[in-house]
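[1] Here's a sequence, model it:
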Amino acid sequence: MKIKNFSAFSFIIVFMAIILYSCSNENLITSPQGTKENLSPIAKTVITPTVSINHSLDTVITLPKSKLSVVVKKNYPANRISILDNYLSTHKVSSSIQMQKISPDYRWCPYHYDTTWVLQNQYEPAPGKYLGIWTSRLDWTKCHDQYGFTYIATTFGGVSNALGANFDQNKIMINLGDNSTQNDIDSNPSYNYYFIDEPYQRDKMAQVCSYAYWISLHSPQGKLLFSDYYWPYSSLLCGTSGDYAPISGTLNLFSNLYIMCDQYSGNLCGNVHDFWNEYKADYGIPIKNISNFISLNYSSDWGTLLNLANPWGMNPIWIYGDDSNINESYFQSFDNTAWQVSWLLRQQGRLVTVWKNVDGTCDWYNGEWQIVNSYYIGYRYTAY
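    A predicted model of the protein is given here:
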(Lines give C-alpha, C1' and ligand atoms only; values in the text may rest on other atoms or scores of the structure.)
Protein backbone atom coordinates (compact mmCIF):
# COMPACT_ATOMS: atom_id res chain seq x y z
CA MET A 1 0.00 0.00 0.00
CA LYS A 2 2.82 2.40 0.78
CA ILE A 3 4.45 1.63 -2.56
CA LYS A 4 1.22 2.48 -4.42
CA ASN A 5 0.88 5.78 -2.56
CA PHE A 6 4.50 6.64 -3.30
CA SER A 7 4.01 5.89 -7.02
CA ALA A 8 0.90 8.07 -7.23
CA PHE A 9 2.69 10.90 -5.43
CA SER A 10 5.70 10.57 -7.71
CA PHE A 11 3.46 10.65 -10.75
CA ILE A 12 1.86 13.90 -9.56
CA ILE A 13 5.27 15.51 -9.02
CA VAL A 14 6.48 14.47 -12.48
CA PHE A 15 3.24 15.61 -14.11
CA MET A 16 3.43 19.05 -12.46
CA ALA A 17 7.04 19.39 -13.60
CA ILE A 18 6.00 18.64 -17.16
CA ILE A 19 3.31 21.30 -16.98
CA LEU A 20 5.73 23.92 -15.67
CA TYR A 21 8.26 23.05 -18.36
CA SER A 22 5.66 23.17 -21.10
CA CYS A 23 4.39 26.58 -19.99
CA SER A 24 7.88 28.01 -20.24
CA ASN A 25 8.70 26.38 -23.59
CA GLU A 26 8.39 28.83 -26.52
CA ASN A 27 8.19 25.93 -28.99
CA LEU A 28 4.69 25.27 -27.72
CA ILE A 29 3.27 27.79 -30.16
CA THR A 30 4.78 26.38 -33.34
CA SER A 31 5.24 22.64 -32.94
CA PRO A 32 2.36 20.15 -33.43
CA GLN A 33 0.65 19.73 -30.07
CA GLY A 34 0.39 15.93 -30.18
CA THR A 35 2.38 15.60 -26.98
CA LYS A 36 -0.57 16.64 -24.82
CA GLU A 37 -3.11 13.86 -24.43
CA ASN A 38 -6.03 16.16 -23.59
CA LEU A 39 -5.79 18.08 -26.87
CA SER A 40 -8.12 16.82 -29.58
CA PRO A 41 -6.76 16.09 -33.08
CA ILE A 42 -7.96 18.11 -36.09
CA ALA A 43 -7.76 16.10 -39.33
CA LYS A 44 -5.94 17.60 -42.30
CA THR A 45 -9.04 17.79 -44.49
CA VAL A 46 -11.28 20.48 -45.86
CA ILE A 47 -14.60 20.17 -44.07
CA THR A 48 -17.65 21.15 -46.09
CA PRO A 49 -20.89 20.80 -44.13
CA THR A 50 -23.71 23.07 -45.17
CA VAL A 51 -24.21 25.13 -42.04
CA SER A 52 -25.44 28.62 -41.35
CA ILE A 53 -24.03 31.39 -39.21
CA ASN A 54 -25.95 31.69 -35.94
CA HIS A 55 -26.52 35.44 -35.99
CA SER A 56 -28.02 35.40 -32.49
CA LEU A 57 -24.68 34.22 -31.08
CA ASP A 58 -22.14 35.38 -33.65
CA THR A 59 -21.55 38.52 -35.64
CA VAL A 60 -19.80 39.06 -38.96
CA ILE A 61 -17.38 41.99 -38.89
CA THR A 62 -14.95 43.34 -41.46
CA LEU A 63 -11.61 44.22 -39.93
CA PRO A 64 -10.62 47.74 -41.10
CA LYS A 65 -6.87 47.19 -41.56
CA SER A 66 -6.62 43.61 -42.86
CA LYS A 67 -9.93 43.94 -44.79
CA LEU A 68 -10.82 40.39 -43.72
CA SER A 69 -14.34 39.44 -42.67
CA VAL A 70 -14.51 37.27 -39.57
CA VAL A 71 -17.22 35.56 -37.57
CA VAL A 72 -16.77 36.22 -33.84
CA LYS A 73 -18.76 35.58 -30.72
CA LYS A 74 -20.76 38.60 -29.65
CA ASN A 75 -19.01 38.66 -26.26
CA TYR A 76 -15.53 38.51 -27.79
CA PRO A 77 -13.23 41.06 -26.07
CA ALA A 78 -13.29 44.19 -28.22
CA ASN A 79 -9.63 45.04 -27.62
CA ARG A 80 -8.61 41.60 -28.93
CA ILE A 81 -10.34 42.32 -32.24
CA SER A 82 -8.11 45.34 -32.92
CA ILE A 83 -5.00 43.36 -31.97
CA LEU A 84 -6.08 40.53 -34.27
CA ASP A 85 -6.71 43.02 -37.07
CA ASN A 86 -3.24 44.56 -36.65
CA TYR A 87 -1.65 41.11 -36.68
CA LEU A 88 -3.48 39.86 -39.75
CA SER A 89 -2.73 43.08 -41.63
CA THR A 90 1.02 42.57 -41.16
CA HIS A 91 1.34 38.76 -41.18
CA LYS A 92 0.48 36.51 -44.09
CA VAL A 93 -1.23 33.37 -42.82
CA SER A 94 -0.71 30.35 -45.05
CA SER A 95 -3.97 28.94 -46.44
CA SER A 96 -2.66 25.37 -46.17
CA ILE A 97 -4.02 23.34 -43.31
CA GLN A 98 -1.55 22.56 -40.53
CA MET A 99 -1.45 19.24 -38.72
CA GLN A 100 -2.05 20.66 -35.28
CA LYS A 101 -3.77 19.18 -32.26
CA ILE A 102 -5.74 21.71 -30.29
CA SER A 103 -9.04 22.15 -28.54
CA PRO A 104 -10.98 25.32 -29.40
CA ASP A 105 -10.47 28.02 -26.80
CA TYR A 106 -7.93 25.82 -25.01
CA ARG A 107 -5.95 27.57 -22.26
CA TRP A 108 -2.54 26.46 -21.07
CA CYS A 109 -1.09 29.37 -19.18
CA PRO A 110 0.52 31.56 -20.40
CA TYR A 111 -0.98 30.60 -23.79
CA HIS A 112 -4.54 30.80 -25.06
CA TYR A 113 -5.64 29.05 -28.25
CA ASP A 114 -8.51 30.97 -29.81
CA THR A 115 -10.47 29.93 -32.92
CA THR A 116 -12.16 32.29 -35.36
CA TRP A 117 -13.92 31.62 -38.65
CA VAL A 118 -12.46 33.85 -41.38
CA LEU A 119 -14.56 34.41 -44.51
CA GLN A 120 -12.70 33.52 -47.71
CA ASN A 121 -13.31 34.81 -51.25
CA GLN A 122 -14.27 31.28 -52.26
CA TYR A 123 -17.83 30.24 -53.14
CA GLU A 124 -19.88 27.33 -54.41
CA PRO A 125 -23.56 27.08 -55.45
CA ALA A 126 -26.18 26.81 -52.76
CA PRO A 127 -28.20 23.59 -53.11
CA GLY A 128 -30.53 23.86 -56.10
CA LYS A 129 -29.33 27.37 -57.06
CA TYR A 130 -27.20 28.05 -60.12
CA LEU A 131 -25.64 31.14 -61.65
CA GLY A 132 -24.50 31.63 -65.23
CA ILE A 133 -21.86 34.11 -66.36
CA TRP A 134 -21.25 36.02 -69.58
CA THR A 135 -17.86 37.68 -69.35
CA SER A 136 -14.43 38.09 -70.84
CA ARG A 137 -13.26 40.22 -67.93
CA LEU A 138 -12.17 37.44 -65.57
CA ASP A 139 -10.44 34.11 -66.03
CA TRP A 140 -13.12 31.48 -66.56
CA THR A 141 -11.49 28.95 -64.25
CA LYS A 142 -11.74 31.54 -61.48
CA CYS A 143 -15.40 32.12 -62.38
CA HIS A 144 -16.11 28.43 -61.95
CA ASP A 145 -13.75 27.28 -59.21
CA GLN A 146 -13.61 30.37 -57.00
CA TYR A 147 -16.76 32.40 -57.61
CA GLY A 148 -19.30 29.60 -57.92
CA PHE A 149 -20.61 30.11 -61.47
CA THR A 150 -21.65 26.78 -62.97
CA TYR A 151 -23.08 27.99 -66.31
CA ILE A 152 -21.26 30.04 -68.94
CA ALA A 153 -22.18 31.82 -72.18
CA THR A 154 -19.78 31.54 -75.09
CA THR A 155 -19.61 30.90 -78.83
CA PHE A 156 -18.92 27.60 -80.54
CA GLY A 157 -15.30 28.71 -80.75
CA GLY A 158 -15.08 29.23 -76.99
CA VAL A 159 -16.38 25.83 -75.95
CA SER A 160 -12.96 24.22 -75.55
CA ASN A 161 -11.89 27.05 -73.23
CA ALA A 162 -15.07 26.66 -71.20
CA LEU A 163 -14.51 22.92 -70.83
CA GLY A 164 -10.90 23.60 -69.86
CA ALA A 165 -12.18 25.94 -67.15
CA ASN A 166 -14.19 23.04 -65.64
CA PHE A 167 -17.63 23.96 -66.97
CA ASP A 168 -19.81 21.00 -67.98
CA GLN A 169 -20.91 20.81 -71.59
CA ASN A 170 -24.57 20.64 -70.59
CA LYS A 171 -24.14 23.96 -68.74
CA ILE A 172 -22.74 25.93 -71.66
CA MET A 173 -25.02 28.44 -73.42
CA ILE A 174 -24.01 28.95 -77.04
CA ASN A 175 -24.20 32.56 -78.20
CA LEU A 176 -25.23 32.14 -81.86
CA GLY A 177 -24.81 35.78 -82.82
CA ASP A 178 -26.51 36.92 -86.03
CA ASN A 179 -24.75 34.84 -88.66
CA SER A 180 -24.80 31.22 -87.50
CA THR A 181 -26.00 28.71 -90.07
CA GLN A 182 -27.80 25.40 -89.82
CA ASN A 183 -24.50 23.70 -90.58
CA ASP A 184 -22.89 25.50 -87.62
CA ILE A 185 -25.52 23.99 -85.34
CA ASP A 186 -25.53 20.53 -86.96
CA SER A 187 -21.74 20.17 -87.09
CA ASN A 188 -21.31 20.87 -83.37
CA PRO A 189 -22.36 18.79 -80.36
CA SER A 190 -25.84 19.18 -78.97
CA TYR A 191 -26.24 21.77 -76.21
CA ASN A 192 -28.98 22.44 -73.70
CA TYR A 193 -28.92 26.23 -74.17
CA TYR A 194 -28.52 28.55 -77.15
CA PHE A 195 -28.81 32.33 -77.16
CA ILE A 196 -29.26 35.40 -79.36
CA ASP A 197 -28.91 38.90 -77.94
CA GLU A 198 -31.75 41.46 -78.28
CA PRO A 199 -33.02 40.37 -81.72
CA TYR A 200 -36.19 42.50 -81.63
CA GLN A 201 -34.24 45.70 -81.08
CA ARG A 202 -31.95 44.76 -83.96
CA ASP A 203 -34.64 43.49 -86.35
CA LYS A 204 -33.44 39.89 -86.19
CA MET A 205 -36.64 38.07 -85.26
CA ALA A 206 -36.60 36.14 -88.55
CA GLN A 207 -33.21 34.78 -87.52
CA VAL A 208 -34.71 33.73 -84.19
CA CYS A 209 -37.27 31.60 -86.05
CA SER A 210 -34.58 29.93 -88.14
CA TYR A 211 -32.45 29.20 -85.10
CA ALA A 212 -35.36 27.76 -83.13
CA TYR A 213 -36.28 25.45 -86.02
CA TRP A 214 -32.72 24.25 -86.66
CA ILE A 215 -32.15 23.61 -82.96
CA SER A 216 -35.37 21.58 -82.72
CA LEU A 217 -34.04 19.25 -85.44
CA HIS A 218 -30.50 18.91 -84.05
CA SER A 219 -30.99 19.13 -80.29
CA PRO A 220 -34.49 18.11 -79.13
CA GLN A 221 -33.70 19.10 -75.55
CA GLY A 222 -32.10 22.39 -76.58
CA LYS A 223 -33.63 25.70 -75.59
CA LEU A 224 -33.15 28.95 -77.50
CA LEU A 225 -33.23 32.04 -75.31
CA PHE A 226 -33.22 35.61 -76.51
CA SER A 227 -32.97 38.81 -74.52
CA ASP A 228 -35.12 41.92 -74.67
CA TYR A 229 -35.24 45.19 -72.72
CA TYR A 230 -38.54 46.75 -73.88
CA TRP A 231 -41.57 47.08 -71.63
CA PRO A 232 -43.90 44.39 -72.98
CA TYR A 233 -46.77 46.75 -73.86
CA SER A 234 -46.82 50.01 -75.77
CA SER A 235 -46.38 52.96 -73.47
CA LEU A 236 -45.83 56.60 -74.18
CA LEU A 237 -44.16 56.92 -70.79
CA CYS A 238 -41.12 54.89 -71.75
CA GLY A 239 -41.26 55.68 -75.45
CA THR A 240 -41.42 52.13 -76.82
CA SER A 241 -43.59 50.76 -79.55
CA GLY A 242 -45.46 47.78 -78.19
CA ASP A 243 -43.51 44.64 -78.96
CA TYR A 244 -45.64 42.19 -76.99
CA ALA A 245 -47.64 41.01 -80.02
CA PRO A 246 -44.73 40.15 -82.34
CA ILE A 247 -42.63 38.72 -79.52
CA SER A 248 -45.39 36.64 -77.96
CA GLY A 249 -46.47 35.50 -81.43
CA THR A 250 -42.95 34.28 -82.18
CA LEU A 251 -42.58 32.69 -78.76
CA ASN A 252 -45.77 30.70 -79.27
CA LEU A 253 -44.58 29.33 -82.62
CA PHE A 254 -41.81 27.28 -81.03
CA SER A 255 -41.92 25.20 -77.87
CA ASN A 256 -38.14 25.53 -77.45
CA LEU A 257 -38.09 29.34 -77.53
CA TYR A 258 -37.85 31.53 -74.40
CA ILE A 259 -37.36 35.19 -73.49
CA MET A 260 -35.02 36.84 -70.96
CA CYS A 261 -35.25 40.37 -69.58
CA ASP A 262 -32.00 42.31 -69.84
CA GLN A 263 -33.30 45.72 -68.79
CA TYR A 264 -30.76 46.90 -66.21
CA SER A 265 -31.60 50.50 -65.31
CA GLY A 266 -35.35 50.87 -65.78
CA ASN A 267 -37.10 53.84 -67.34
CA LEU A 268 -40.32 55.84 -66.93
CA CYS A 269 -42.35 52.63 -67.23
CA GLY A 270 -40.76 51.28 -64.07
CA ASN A 271 -37.57 50.15 -62.38
CA VAL A 272 -35.85 46.90 -63.23
CA HIS A 273 -37.87 45.06 -60.58
CA ASP A 274 -41.06 46.25 -62.30
CA PHE A 275 -39.72 44.93 -65.59
CA TRP A 276 -39.07 41.50 -64.11
CA ASN A 277 -42.58 41.39 -62.67
CA GLU A 278 -44.10 42.53 -65.97
CA TYR A 279 -42.20 39.90 -67.98
CA LYS A 280 -43.39 37.28 -65.50
CA ALA A 281 -46.99 38.43 -65.85
CA ASP A 282 -47.00 38.74 -69.65
CA TYR A 283 -44.73 35.92 -70.81
CA GLY A 284 -45.20 33.54 -67.92
CA ILE A 285 -42.85 31.79 -65.53
CA PRO A 286 -41.81 29.11 -66.25
CA ILE A 287 -43.78 29.04 -69.50
CA LYS A 288 -41.69 31.40 -71.64
CA ASN A 289 -39.66 33.51 -69.21
CA ILE A 290 -37.37 30.95 -67.59
CA SER A 291 -34.42 33.20 -66.77
CA ASN A 292 -33.22 36.82 -66.79
CA PHE A 293 -29.98 38.76 -66.81
CA ILE A 294 -28.48 40.74 -63.92
CA SER A 295 -25.71 43.24 -64.68
CA LEU A 296 -22.58 43.49 -62.55
CA ASN A 297 -22.75 47.25 -63.11
CA TYR A 298 -25.97 47.72 -61.09
CA SER A 299 -25.11 46.54 -57.59
CA SER A 300 -28.15 48.08 -55.90
CA ASP A 301 -30.40 45.57 -57.70
CA TRP A 302 -28.45 42.36 -57.11
CA GLY A 303 -30.07 41.22 -53.90
CA THR A 304 -33.60 42.30 -54.79
CA LEU A 305 -33.55 40.55 -58.16
CA LEU A 306 -32.11 37.33 -56.76
CA ASN A 307 -34.82 37.39 -54.09
CA LEU A 308 -37.44 37.89 -56.81
CA ALA A 309 -36.16 34.83 -58.63
CA ASN A 310 -36.32 32.59 -55.55
CA PRO A 311 -40.09 31.95 -55.34
CA TRP A 312 -40.44 31.95 -59.13
CA GLY A 313 -38.10 29.01 -59.57
CA MET A 314 -35.90 30.85 -62.07
CA ASN A 315 -32.76 28.79 -62.39
CA PRO A 316 -30.11 29.51 -63.52
CA ILE A 317 -29.96 33.29 -63.31
CA TRP A 318 -27.51 34.81 -65.76
CA ILE A 319 -24.99 37.49 -64.82
CA TYR A 320 -23.73 39.92 -67.45
CA GLY A 321 -20.22 41.11 -66.68
CA ASP A 322 -18.59 41.98 -69.98
CA ASP A 323 -18.51 45.78 -69.83
CA SER A 324 -15.03 47.29 -70.11
CA ASN A 325 -15.01 48.65 -66.54
CA ILE A 326 -15.63 45.25 -64.94
CA ASN A 327 -12.81 43.78 -62.85
CA GLU A 328 -12.52 41.09 -60.21
CA SER A 329 -13.76 43.34 -57.40
CA TYR A 330 -17.22 43.32 -59.03
CA PHE A 331 -17.31 39.53 -58.82
CA GLN A 332 -16.25 39.63 -55.18
CA SER A 333 -18.99 42.13 -54.31
CA PHE A 334 -21.66 40.30 -56.27
CA ASP A 335 -20.81 36.96 -54.68
CA ASN A 336 -20.97 38.45 -51.20
CA THR A 337 -24.49 39.67 -51.98
CA ALA A 338 -25.51 36.35 -53.57
CA TRP A 339 -24.27 34.59 -50.43
CA GLN A 340 -26.36 36.85 -48.21
CA VAL A 341 -29.54 36.03 -50.18
CA SER A 342 -28.90 32.26 -50.25
CA TRP A 343 -27.71 31.78 -53.83
CA LEU A 344 -24.15 30.85 -52.89
CA LEU A 345 -22.31 29.17 -50.04
CA ARG A 346 -19.15 30.85 -48.80
CA GLN A 347 -15.99 29.21 -47.59
CA GLN A 348 -14.80 29.93 -44.07
CA GLY A 349 -11.37 29.07 -42.78
CA ARG A 350 -10.99 28.02 -39.16
CA LEU A 351 -8.14 30.19 -37.93
CA VAL A 352 -6.33 29.32 -34.73
CA THR A 353 -4.74 32.33 -33.05
CA VAL A 354 -2.17 31.64 -30.34
CA TRP A 355 -2.13 34.36 -27.67
CA LYS A 356 0.48 34.76 -24.95
CA ASN A 357 -0.22 36.48 -21.68
CA VAL A 358 2.40 39.16 -20.97
CA ASP A 359 1.29 40.56 -17.60
CA GLY A 360 1.33 37.30 -15.61
CA THR A 361 -2.40 37.31 -14.84
CA CYS A 362 -3.55 34.72 -17.40
CA ASP A 363 -6.87 36.58 -17.26
CA TRP A 364 -8.35 36.26 -20.76
CA TYR A 365 -10.80 39.13 -20.40
CA ASN A 366 -8.79 41.63 -18.39
CA GLY A 367 -5.15 40.63 -18.83
CA GLU A 368 -2.68 41.85 -21.43
CA TRP A 369 -2.12 39.48 -24.36
CA GLN A 370 -0.17 39.45 -27.60
CA ILE A 371 -0.43 37.18 -30.68
CA VAL A 372 2.52 34.87 -31.28
CA ASN A 373 1.20 32.57 -34.03
CA SER A 374 -1.79 31.79 -36.23
CA TYR A 375 -2.68 29.02 -38.66
CA TYR A 376 -5.66 27.37 -40.37
CA ILE A 377 -6.88 23.93 -39.28
CA GLY A 378 -9.82 23.44 -41.63
CA TYR A 379 -12.40 24.92 -43.99
CA ARG A 380 -16.14 24.69 -44.49
CA TYR A 381 -18.80 26.15 -46.77
CA THR A 382 -21.63 27.95 -45.03
CA ALA A 383 -24.90 29.66 -45.78
CA TYR A 384 -25.31 33.20 -44.50
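[2] Spit out the contact partners of the closest residue to residue 328 other than its chain neighbours.
    Residue nearest to residue 328 in three dimensions, not counting chain neighbours: residue 138, with 5.7 Å by CB to CB, 6 or more residues apart in numbering. C-betas here are computed from N, CA, C, even on glycine. If a contact means CB atoms under 8 Å, 6 or more residues apart in numbering, then residue 138 has 147, 321, 326-328, 331 as its contacts.
[3] same check, this time on residue 323
    Residue 323 is in contact with 137, 295-297, counting by CB under 8 Å, 6+ apart.
[4] Likewise for residue 73?
    Neighbouring residues of residue 73 by CB under 8 Å, 6+ apart: 57-58.
[5] same deal with residue 327?
    Residues in contact with residue 327 (CB under 8 Å, 6+ apart) are 137-138.
[6] So what does it look like in phi/psi?
    Main-chain dihedrals, residue 327, degrees, to the nearest 10: phi -140, psi -180.
[7] same deal with the one 5 residues further on?
    When quoted as degrees, to the nearest 10, the phi and psi of residue 332 stand at phi -60, psi -40.
[8] Skipping its backbone neighbours, what lies nearest it in space?
    The shortest distance from residue 332 to any residue other than its chain neighbours is 5.6 Å, reached at residue 121 (CB to CB, 6+ apart).
[9] Okay, buried residues for the helix or strand where that neighbour lies please.
    Following DSSP states H and E, one finds residue 121 within strand 111-125. Buried residues in strand 111-125, counted by 16 or more other CB atoms under 10 Å: 111-120, 122-125.
[10] Domain ranges for this protein, per the record?
    Domain ranges of the chain: 39-122+347-383, 132-290+300-315+327-337, per automatic domain parsing.
[11] and the ones you listed, which is most packed in?
    domain 132-290+300-315+327-337 (a mean of 17; mean count of other CB atoms under 10 Å).
[12] distance between the ends of that domain?
    End-to-end span of domain 132-290+300-315+327-337 (CA to CA, to the nearest Å): 15 Å.
[13] Check the offset of it from the chain's centre.
    Distance, stretch centre to chain centre, for domain 132-290+300-315+327-337: 21 Å (CA atoms, centre = their mean, to the nearest Å).
[14] Could you do stretch 352-371 as well?
    35 Å.
[15] so who does the closest residue to residue 168 other than its chain neighbours touch?
    Spatial nearest neighbour of residue 168, excluding adjacent residues (CB to CB, 6+ apart): residue 150 at 7.6 Å. Contact analysis of residue 150 by CB under 8 Å, 6+ apart lists 125, 130-132, 144, 167-168, 171, 316.
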